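Novice: Kindly return the folded structure for what I paste below:
(one chain, ligands or ions: 2)
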Amino acid sequence: MILNIAVLPGDGIGPEVTRQAVKILKAVGETYNHTFNFHEEIIGAVAIDKFGNPLPDKTIELCLKSDAVLFGAIGDPKYDNDPTAKVRPEQGLLKLRKSLGLYANIRPIKAYPTLLEKSPLKKDRIEGVDFIIFRELTGGIYFGEKILSDDGSYASDLCEYSEIEIERIAHLAFKTARKRKKKVTLVDKANVLETSRLWRKITTHIAKSYPDIQLDFLFIDNAAMQLILNPGQFDVILTENMFGDIISDEGSVIGGSIGLLASASIGDENALFEPIHGSYPQAKNKDIANPIASILSAAMLLEHFKLYEEAKAVTKAIERSLELNIVTPDLNVESKYGTKKVGNFIADYIANSDDINYNQ
Ligand code: IPM
Ligand code: MN
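Specialist: Ligands and ions are numbered 1, 2, ... in the order given. Okay, here's the model as predicted:
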């Protein structure tokens, strides 16, 4: 298969983790005879520094003509505490999601058997946990009208949803549940929000075409509690943009590190793959950032193109690195392995299914 992949490393640790994911895709390409072509562009704070624009046209153009986008991370502390900043790195990512029509953000959450002790949650609570969040990504309060009054004393963000925005992601969630434990949980705040009531109405209607799938409802506040109280109850969580943003970070605690969570952002024409973690500026260039979230995002890219055997080889290599404790310090404080070495191990394992040189 020939794939043209746009690589947007972004800010902070983005470049170093993305480099590992590219290394892994190259190893897959060589081992399984695929041609993966990589083209890099800038986004985020680095793009503001260079062009005053977090998402230069050249970057959008590259993404639009590529088969897939591999994204690193976005954000820089110099913009975080400056309420007067006119442009922000995050706007680049939001605009990219919108321009590519990436309405479904898919975030799998899993408790790896070898990492059960790493999670602050009790082992018996998280053993076997395996669910997937479908977060709507191009609507809701993130994209509604924003108002800031001239004197700065009033602000408003509008939360809007239309039928079509809910329908298309709901279908994806139900279809995925069909291949899994056949349960969809809609997370909302339907006791308060009109948009949530619309989500319930439309999702209930769609559920009729999936009679084999059980549809449950949970309010977001309760869901936040259930997620750490009894995460094993979930299979597919379907939710709107902001609730999905919040509960996916919460869910990352289950796996023991946010450095393990990957995501795919899918639209009808385009697809982007990114770790769910941020730019972690404190770790930049220290060779300590966990590359696994980025590498797992690359595995999701392979799956998206139906390269299932290849994706499996990547996840198997990751599992092996976890078993052998070839991990970054977020998973093992005494680790002598850095970002690059973890990436090298995984790439070599894919090419050789061999770990002899690394376990000493
Ligand atoms: C995420 C991030 C983004 C979001 C930020 C960087 C805009 O937190 O992908 O979860 O809120 O969607
Ligand atoms: Mn987030």
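Novice: what helix or strand is the closest residue to ligand 1 within the stretch 151-300 of the chain on?
Specialist: As assessed by Cβ to the nearest ligand atom, ligand 1 sits closest to Asp245 within the stretch 151-300 of the chain, at 4.5 Å. (Glycine included, C-beta is placed from N, CA and C.) Asp245 is part of helix 241-255 when elements are defined by DSSP states H and E.
Novice: same check, this time on Ser321
Specialist: helix 308-323.
Novice: now that helix: mean pLDDT?
Specialist: Mean per-residue pLDDT for helix 308-323: 96.
Novice: now what about that helix, what contacts it?
Specialist: 24, 28, 31-32, 34, 112, 114-115, 292, 295-296, 298-300, 302-303, 327, 331, 342, 345-347, 349-350, 355 (Cβ atoms under 8 Å, 6 or more residues apart in numbering).
Novice: Among those, name the buried ones.
Specialist: Taking 16 or more other Cβ atoms under 10 Å as the criterion, what is buried in the contacts of helix 308-323 is 24, 28, 34, 112, 114-115, 292, 295-296, 298-300, 302-303, 327, 331, 342, 345-347, 349-350, 355.
Novice: near ligand 1 too, which of these?
Specialist: Among those, proximity to ligand 1 is found for none (Cβ under 6 Å from any ligand atom).
Novice: one step back: quick one: which of the contacts of helix 308-323 sit in helices?
Specialist: 24, 28, 31-32, 292, 295-296, 298-300, 302-303, 342, 345-347, 349-350 (DSSP state H).
Novice: Pull up the per-residue confidence for whichever residue of the stretch 1-150 of the chain sits closest to ligand 1.
Specialist: When scored by Cβ to the nearest ligand atom, the stretch 1-150 of the chain has Glu90 as its residue closest to ligand 1, at 4.0 Å. Per-residue pLDDT puts Glu90 at 94.
Novice: Longest strand in the protein, please.
Specialist: What stands out as the longest strand in the chain, according to DSSP state E, is strand 2-10.
Novice: Show me what the helix or strand of the chain with the lowest mean pLDDT is packed up against.
Specialist: Taking mean pLDDT, DSSP states H and E as the measure, helix 77-80 is the helix or strand of the chain with the lowest mean score, a mean of 87. Secondary-structure packing of helix 77-80 (3 or more Cβ pairs under 8 Å, 6 or more residues apart in numbering; DSSP states H and E): helix 45-51.
Novice: I would like the residues contacting the next helix or strand after the helix it packs on, please.
Specialist: Per DSSP H and E, helix 45-51 leads on to helix 57-65 as the next helix or strand towards the C-terminus. Contact partners of helix 57-65, identified using Cβ under 8 Å, 6+ apart, comprise 4, 6, 8, 39, 41-43, 47, 69, 92, 95-96, 99-100, 270, 272.
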